Every structure is written in structure tokens, then in C-alpha cells.
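> predicted model and sequence follow; I will ask about them next.
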Amino acid sequence: MKKTFFFLILVYSLCFSQNILFKSDVQIIYGLDFKPDSTSGKSQNEIVSLYIGKNKSVFQDNKKFQIDSLIASQQHFEFPSKLLFKVNHVVFKDFKKSELVYSEMIDKAVVGYKEPLLQMKWNLKNESKKILTYTSYKAETEFRGRKYTAWYTKEVPFQDGPYKFSGLPGLILEVYDNKQNFHYKLLAIIKKSKEIYIIPIFISQIEKS
């Protein structure tokens with residue numbers, strides 16, 4: 001499988017007209033518990049969101065969305081020297097092209113790659129439970145040497161989920177790995193059209209097998 005690796009340099013002092021506009025129909029808000037260092041055992045928590053539009057979605061830290069909107073509202077903006085959010089990666093899924101773009105922010109630069117949407121072979125279980133008001137169903141998979149458990153609902157007809165997860169017959173409301181290095185769980189679903197500004201990037205691509 002071929003991935004396209006690229007280096008992204010973010011330019012924060014840009015004109016309003018250069019910003020990228022993403023139109024979202026639904027915002028899915030998750031609570032995330034994660035271990036930045038799997039050897040330490042100490043967990044952190046953060047609020048993250050999945051914005052779903054027509055055949056596309058964007059997943060990232062809630063604070064990142066707020067910063068992008070602030071940049072879009074000003075002609076010039078000096079980005080802080082220290083990151084203001086704990087989850088420093090962004091996942092953009094394009095279901096029409098069956099690909100995703102992963103980017104991770106390091107200071108004021110970003111390193112990332114493009115790859116096909118993950119083809120996880122989910123094993124659907126008969127178990128069910130309520131998450132908020134939604135009836136959800138259990139699914140399990142083993143992918144790239146790791147085991148994952150997800151809970152999805154058919155009541156929200158998007159085959160998407162947090163981070164890179166997707167491919168179940170409904171929206172993923174909860175997902176975690178068997179070692180509890182991370183745990184996403186639904187906090188809220190907001191069904192409201194929204195225009196989201198994503199800060200522009202300049203991409204230099206390097207293809208690598």
C-alpha cells in the first residue's frame with residue numbers, strides 16, 4: 001500500500017479570503033481519555049469533535065476549531081509559541097475518494113500523510129446498551145496488531161467515527177483499545193449546519209511505498 005507523505009508548513013498570518021471553508025451538517029462531540037505515554041500509565045482527557053459534511057468529515061480538538069475560526073476572522077494573527085490543545089492531530093476523511101489525510105502539529109509545522117480509508121473488518125456482536133439516548137451495538141476488530149471495541153448506533157446514519165475509525169453500519173459513539181491507551185465516548189450530537197474555517201496549508205508531497 002502506498003502512502004503519500006508530506007510536510008506542511010502552516011502560515012498563520014494570512015488574508016481572510018485564503019481560508020478553507022468546510023460545510024458541516026452535524027457535530028459529534030466526544031470525551032477522550034488517553035495516555036500520551038503508554039509506559040507511564042497516566043491519563044489525560046480532552047474534548048474533541050467530528051464534523052460531518054457531504055461525503056467528508058473533519059476530526060480534531062475543539063480548541064483547534066476555535067483557533068481556526070479566530071484566524072479566519074482576522075487579517076493577521078500571531079499563533080502562540082505553545083500549543084493550546086492536547087490533541088495535536090487532524091484527520092480529514094473524504095468518503096467519495098475513499099482516502100484520509102492525517103496531519104500532526106509540531107510547534108508551527110505539521111507533518112502528515114495521505115492514505116486510503118482504513119478497511120477494518122468489524123465483527124458485529126449481539127450485545128447492546130444505551131449511550132445517552134441512543135441504542136448502540138457492540139463491534140470488535142483486530143487491526144495492525146491491536147484489538148479495538150466500538151459501540152455504534154443505527155439511529156444516526158453516518159458510517160463514521162472519531163479519529164480514523166469508520167466502516168460500521170451507523171455512527172460510532174464509543175471506541176477504545178484493549179489496553180485502554182485511548183477511550184472515546186459520545187458527549188453530544190448537534191444537528192446544525194455550520195461553516196467551519198480550516199487554516200490553510202502549503203503542501204510539499206513526497207510519495208513513498
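All right, it came through fine.
> pull the contacting residues for residue 143.
Contacts for residue 143 (C-beta atoms under 8 Å, 6 or more residues apart in numbering) come out as 118, 120-121. No exception for glycine: its C-beta is placed from N, CA and C like everyone else's.
> how does it look with 6 Å?
Shown in contact with residue 143 (C-beta atoms under 6 Å, 6 or more residues apart in numbering): residue 120.
> pairing partners for it in the sheet, please.
residue 146 (DSSP bridges).
> same check on residue 138?
Beta-bridge partners recorded for residue 138 (DSSP bridges): residue 151.
> please apply the same query to residue 93.
Counting by DSSP bridges, the residues bridging with residue 93 are residue 57, residue 100.
> now it: how far from residue 154?
Per C-beta to C-beta, to the nearest Å, residue 93 is found 20 Å from residue 154.
> ok, those two, which is more surrounded?
Between residue 93 and residue 154, counted using other C-beta atoms under 10 Å, the more crowded position is residue 93 (25 against 13).
> I figured the more buried one hits residue 100, correct?
Yes - here residue 93 reaches residue 100: they are 4.8 Å apart, a contact under C-beta atoms under 6 Å.
> per-residue pLDDT, the nearest residue to residue 125 once chain neighbours are set aside?
Nearest residue to residue 125, sequence neighbours excluded (C-beta to C-beta, 6 or more residues apart in numbering): residue 138, at 4.0 Å. pLDDT, residue 138: 98.
> nice, that's everything, thank you.
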